[in-house]
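In: Output the structure for:
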Amino acid sequence: MKIARSLLATAVCTALAAPALADLNVGVVVSATGPAASLGIPEKNTIALMPTSIGGEKVNYIVLDDASDTTTAVKNTRKLLTEDKVDVIVGSTITPNSLAMIDIVAEAETPMISMAASARIVDTANPKVKWVFKTPQNDIQMSTAIVEHMTNAGVKTVAFIGFADAYGEGWYQEFSKIAEARKLKIVANERYNRADTSVTGQVLKVLAAKPDAVLIAGAGTPAALPQKALKEKGFKGAYYQTHGVANKDFLRVCGKDCEGTFLPAGPVLVAAQLPADNPIKKVALDYVGKYEAAHGKGSTSTFGAHAWDAGILLQNAVPLALKKGKPGSKEFKLALRDALEGLKNVTVSHGIVNMSAQDHLGFDQRARVMVQVVNGDWKLIQ
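Out: This next block holds a predicted model:
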């Protein structure tokens, strides 16, 4: 059953026929099952809303589920490249999977647009990242927003509890550097696994440190576990989460224990609350409208928007690449990579993109807002 799920493929623009040689083939790897499913499902849903033609070329989206598993993500990536002959990879949903995919796409000289957050995914110190781009905000951008909010609120000490993987480690590295610079003392550093069902030991250590605030560096519904445990044990300080929880499933699982929580997020999360002159509002609302028309009012999440933004990047880059080669050729893949790296002033639902050889994300501070959970929903506060 697991194998069947992991090989689930949805060709949005085709029936069961093999894609034509001249078609643009987009391979998509998402975590539609497993611990990261609340992130991957809206991404998968969003692919179905993508345009069926770009630059006059028919587009085939071939979607595989990695089940939140790194080994499966690698296997799916190899399949898309060797069997489906894709021109570009979009994915994966989570940081560990995306990091594991980099070697493969670099070897195949095929562009990849990740939907995971860690800055390591696009760290140009790694020459293989030449082929890799991403759409979520870097953890360093969001760490800065959290530290600024904490210090402005008078927080002096903070405890950190995050995933015991590349996501948690990336967040701790970036957050700790900024916290130290702002004289914010980290009094505890605890980790847990995405599939854990108890964090009692970690929570007791956090409580013993008596912090003013706690930062939980998790993603999706598993990020609710430490918060609920801390509430149960009576922690009265401030709660902060990362942009990895910006969806309704997290609010549903965390329930009343989320009330008052602060987190940084992409503007699309609170698109309707943005000022009228915000340059991102129109694009963000366009995505929200399309997604909610298909899946119901209030169903939008920032994670689906990461997939939508990957689509916008392709819509801007593919026509440029087509001037130098046809889909299916090495020339096209290289031209697409170059076109993505050269994108300037492209408005997406999360921000405004200005790529360069040194920056394969391209966001500035317009790509983040601070929100708070108020009455079970997101409220723009900054």
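
In: mind listing what the most centrally placed residue in the chain touches?
Out: In the chain, the residue lying closest to the centroid (Cα atoms, centre = their mean) is Ala116, at 3.7 Å. The contact partners of Ala116, taken as Cβ atoms under 8 Å, 6 or more residues apart in numbering, are Ser92, Thr93, Ile94, Thr95, Asn97, Ser98, Lys134, Pro136, Tyr167. In short, each C-beta sits where N, CA and C put it, glycine included.

In: Please report the distance of it from Thr124.
Out: Taking Cβ to Cβ, to the nearest Å as the criterion, Ala116 is separated from Thr124 by 17 Å.

In: Show me where the stretch 1-150 of the chain has its strands.
Out: In chain order, the stretch 1-150 of the chain shows strands spanning 9-11, 24-30, 53-54, 57-65, 88-91, 112-114, 132-134, with DSSP state E, counting those that start in this stretch as the criterion.

In: My error: substitute the stretch 251-382 of the chain in the last question.
Out: Secondary structure of the stretch 251-382 of the chain (DSSP E, counting those that start in this stretch): strands at 262-265, 346-348, 351-353, 369-374, 377-380.

In: Strand partners (parallel or antiparallel) of the last one?
Out: It refers to strand 377-380. Next to strand 377-380 in the sheet, as set by DSSP bridges, lie strand 369-374 (antiparallel).

In: circling back: could you tell me the least trusted of the strands of the stretch 1-150 of the chain?
Out: Sorting the strands of the stretch 1-150 of the chain by mean pLDDT places strand 9-11 lowest, at a mean of 46.

In: Go ahead and confirm Leu320 touches Ala339.
Out: Yes. With the criterion set as Cβ atoms under 8 Å, Leu320 and Ala339 qualify as a contacting pair; they are 4.0 Å apart.

In: could I get the strands of the stretch 1-150 of the chain as TSV with distance to Thr261 and mean neighbour count?
Out: As requested, the strands of the stretch 1-150 of the chain are arranged in TSV below (distance: least, Cβ to Cβ, whole Å; neighbours: other Cβ atoms under 10 Å):
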stretch	distance to Thr261	mean neighbour count
strand 9-11	34	16
strand 24-30	26	28
strand 53-54	39	16
strand 57-65	30	23
strand 88-91	28	29
strand 112-114	26	28
strand 132-134	25	26
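
In: can you redo those strands as JSON lines with distance to Leu39?
Out: What follows is the strands of the stretch 1-150 of the chain, written out as JSON lines (distance: least, Cβ to Cβ, whole Å):
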{"stretch": "strand 9-11", "distance to Leu39": "17"}
{"stretch": "strand 24-30", "distance to Leu39": "8"}
{"stretch": "strand 53-54", "distance to Leu39": "25"}
{"stretch": "strand 57-65", "distance to Leu39": "12"}
{"stretch": "strand 88-91", "distance to Leu39": "11"}
{"stretch": "strand 112-114", "distance to Leu39": "13"}
{"stretch": "strand 132-134", "distance to Leu39": "14"}
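
In: Go through the ones you listed and name the closest to Gly328.
Out: Among the strands of the stretch 1-150 of the chain, strand 24-30 comes nearest to Gly328, with 7.6 Å by Cβ to Cβ.

In: so what strands line up beside the closest one?
Out: Strand 24-30 has these partner strands in its sheet, going by DSSP bridges: strand 57-65 (parallel), strand 88-91 (parallel).

In: Can you tell me which of the ones you listed is nearest to Val268?
Out: With respect to Val268, and counting by Cβ to Cβ, the nearest of the strands paired with strand 24-30 is strand 88-91 at 17.5 Å.

In: who touches that closest one?
Out: 26-30, 43, 47, 66, 73, 77, 80-81, 97-98, 101, 105, 110-115, 307, 310, 314, 333, 336.

In: Output that strand in CSV with nothing but the alpha carbons.
Out: The C-alpha atoms that make up strand 88-91 are tabulated as CSV, following Å, rounded to 0.1, in the frame of the first residue of the first chain:
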residue,chain,number,x,y,z
VAL,A,88,12.2,20.7,-14.5
ILE,A,89,11.5,19.4,-11.0
VAL,A,90,9.2,21.2,-8.5
GLY,A,91,9.6,20.0,-4.9
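
In: roughly how far is that strand from the heart of the chain?
Out: Average the C-alpha atoms of strand 88-91, do the same for its chain, and the two points are 13 Å apart (Cα atoms, centre = their mean, to the nearest Å).

In: go on, stretch 173-187?
Out: With Cα atoms, centre = their mean as the basis, the mean position of stretch 173-187 lies at 23 Å from the chain mean.

In: circling back: just the contacts of Ala116: which are in helices?
Out: Secondary structure defined by DSSP state H assigns Thr95, Asn97, Ser98, Tyr167 of these to helices.
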